[in-house]
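Q: Next input, structure requested:
(one chain, ligands or ions: 1)
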Amino acid sequence: MGSDPARGVSPQIMNRRSIRKYEDKLIPNKKIENILRAAMQAPSARNRQPWEFIVVTDKKVLAEIPNYHPYSSMVPSAGAAILVCGNMKLQSHRGYIVQDCSAAVQNILLESVNQELGAVWLGIYPREKRMQGMRELFELPAHIIPIALISIGFPAEQPGLNDRFDNGKISFNKWGNR
Ligand SMILES: Cc1cc2nc3c(=O)[nH]c(=O)nc-3n(C[C@H](O)[C@H](O)[C@H](O)COP(=O)(O)O)c2cc1C
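A: As a prediction, the model looks like this:
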C-alpha cells in the first residue's frame, strides 16, 4: 500500500512535464481548439483578456523557429506551436499583461496533458532578441508583444513524476514561521 502524498492533487498538474520529443503525428483541430479554450479561461487583471494566440502548424514555419530562439530545437518536430502574445491596447495596468498571458500559458500546458499531448514552454519575453525574432517571423504589429511560445505534440518521451513539494518554501502567518 503506502500513502501517495500527491494523492488528491489534479493529475494534469502532477503529470505535466516539459515534453521535447514528439511522434510524427498531426494534432486534430479539436484538440487545438480545446487547448485554446482552456487558455482563454485563464484569469486576467480586470478580466481584460489581453492575450492573442498565433497557432503554427505549417512545417515550414515550425522549421524557422530555431533560427530565432536558441533553445527551441524540438519545435520543427512538433505537431503545432502556439505563440502567446499580449495586446498592449488591452493592458489594464503596466506589468499585468505578462501575468495575464502567463496564466494562459500554464492553462495551455495543463490542457495539453488533458488532451494526451505533451508541451514545453519556451520563454520569449523579456529577451529582446527573441522578441524581435518573433516580431519579424510573425509580422507582429507594434502593440502585440510576444510573451511565450509553446511547442506541442504527441509525446515520444515520458519524464515521469517529479514531486517538488518542499516544506522549506512555506511560512505560516509571517515570514520564516515554519
Ligand atoms: C519562463 C520559462 C521559460 C522556459 N524556456 C524554455 C526554453 O527556452 N527551452 C526549453 O526547452 N524549456 C524551457 N522552459 C521549460 C523549463 O526548462 C522547465 O519547465 C523546467 O526545467 C521544469 O521542468 P518540467 O517542465 O518538466 O517540470 C521554460 C520554462 C519557463 C517557465
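Q: For this protein, just list every one of the helices.
A: 11-15, 29-39, 59-64, 96-114, 128-138 (DSSP state H).
Q: Looking at these, which one is packed in the most?
A: helix 96-114 (a mean of 21; mean count of other CB atoms under 10 Å). C-betas here are computed from N, CA, C, even on glycine.
Q: Now tell me what touches it from outside.
A: By CB atoms under 8 Å, 6 or more residues apart in numbering, the residues outside helix 96-114 that reach it are 10-13, 15-16, 34-45, 48-51, 82, 84-88, 90-91, 118-119, 121, 125, 145, 147-148, 150, 152.
Q: which residues touch G79?
A: G79 neighbours (CB under 8 Å, 6+ apart): 22, 25-27, 57, 117, 152-154.
Q: Pull up the residues of the protein that are close to the ligand.
A: Residues of the chain lying close to the ligand by CB under 6 Å from any ligand atom are 17-18, 20, 71, 120-123, 159.
Q: which among those end up buried?
A: The neighbour count (16 or more other CB atoms under 10 Å) marks 17, 20, 120-122 as buried among those.
Q: Now the residue of the chain found nearest the ligand. Nearest residue, chain neighbours left out?
A: In the chain, the residue that lies nearest the ligand is G123 (2.9 Å; CB to the nearest ligand atom). Spatial nearest neighbour of G123, chain neighbours left out: A148 (6.1 Å); criterion: CB to CB, 6 or more residues apart in numbering.
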